[in-house]
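>>> compute the structure for the input listed below.
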Amino acid sequence: MLNDRLLVSLDAAAGERRSSAGIVIPATAAVGKRLAWADVVATGQHVRQVEVGDRVLFDPDERAEVELEGATYLLLREKDVHAVAAPRGAGAGTGLYL
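Here you go, the predicted structure:
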């Protein structure tokens, strides 16, 4: 990975989802601007606030897909990440910071 790039794997749960009434909403349904969670697989040398293993929140419209060894990953810039959920420290705080 180069510069400020992140290689992330999209959550499997990012596809279909259910409403509170139990209605299945397909992944292709347009529901305004919905952000997605992904796990960081690799980072570039200039990434400052994200580490490998963190979960990041990003806009799915600002991404590029890449296939490596049969698996599909997403390529993001660090500036496109809206939030990071990561356990920091030993039991201190929620681990979610913005």
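>>> please give the element, helix or strand, for the residue nearest the centre of the chain.
Nearest to the geometric centre of the chain sits Ala38, at 2.6 Å (Cα atoms, centre = their mean). Counting by DSSP states H and E, the element that carries Ala38 is strand 36-43.
>>> okay, now the sheet partners of the helix or strand that that strand is followed by, with direction.
Per DSSP H and E, the first helix or strand lying C-terminal to strand 36-43 is strand 55-58. Strand 55-58 pairs in its sheet with strand 36-43 (antiparallel), strand 81-85 (antiparallel), by DSSP bridges.
>>> tell me, please, the helix or strand in the chain that averages the lowest pLDDT.
Least confident helix or strand of the chain, by mean pLDDT, DSSP states H and E, is strand 96-97 with a mean of 58.
>>> can you pull the contacts of the residue nearest to the centre of the chain?
Listed by Cβ atoms under 8 Å, 6 or more residues apart in numbering, the contact set of Ala38 reads 8-11, 14, 55-56, 58, 74. For every residue, glycine as well, the C-beta is placed using N, CA and C.
>>> pull the distance from stretch 4-12 to the chain's centre.
6 Å (Cα atoms, centre = their mean, to the nearest Å).
>>> any buried residues in it, and which?
For stretch 4-12, a neighbour-count test (16 or more other Cβ atoms under 10 Å) marks 4-8, 10 as buried.
>>> and stretch 42-53, by the same measure?
Of the residues in stretch 42-53, those buried (16+ other Cβ under 10 Å) are 43, 47, 50.
>>> just give me the closest of those to Glu65.
Ranked by distance to Glu65 (Cβ to Cβ), the buried residues of stretch 42-53 are led by Thr43 at 17.9 Å.
>>> go ahead and confirm the closest one touches Val50.
Yes. With contact defined as Cβ atoms under 8 Å, Thr43 reaches Val50; the gap is 6.0 Å.
>>> any common contacting residues for the two?
With Cβ under 8 Å, 6+ apart, Thr43 and Val50 have common neighbours Leu6.
>>> now the strand holding Ala38: average pLDDT?
Strand 36-43 comes out with an average pLDDT of 91.
>>> equivalent analysis for stretch 22-33, please.
Stretch 22-33 comes out with an average pLDDT of 69.
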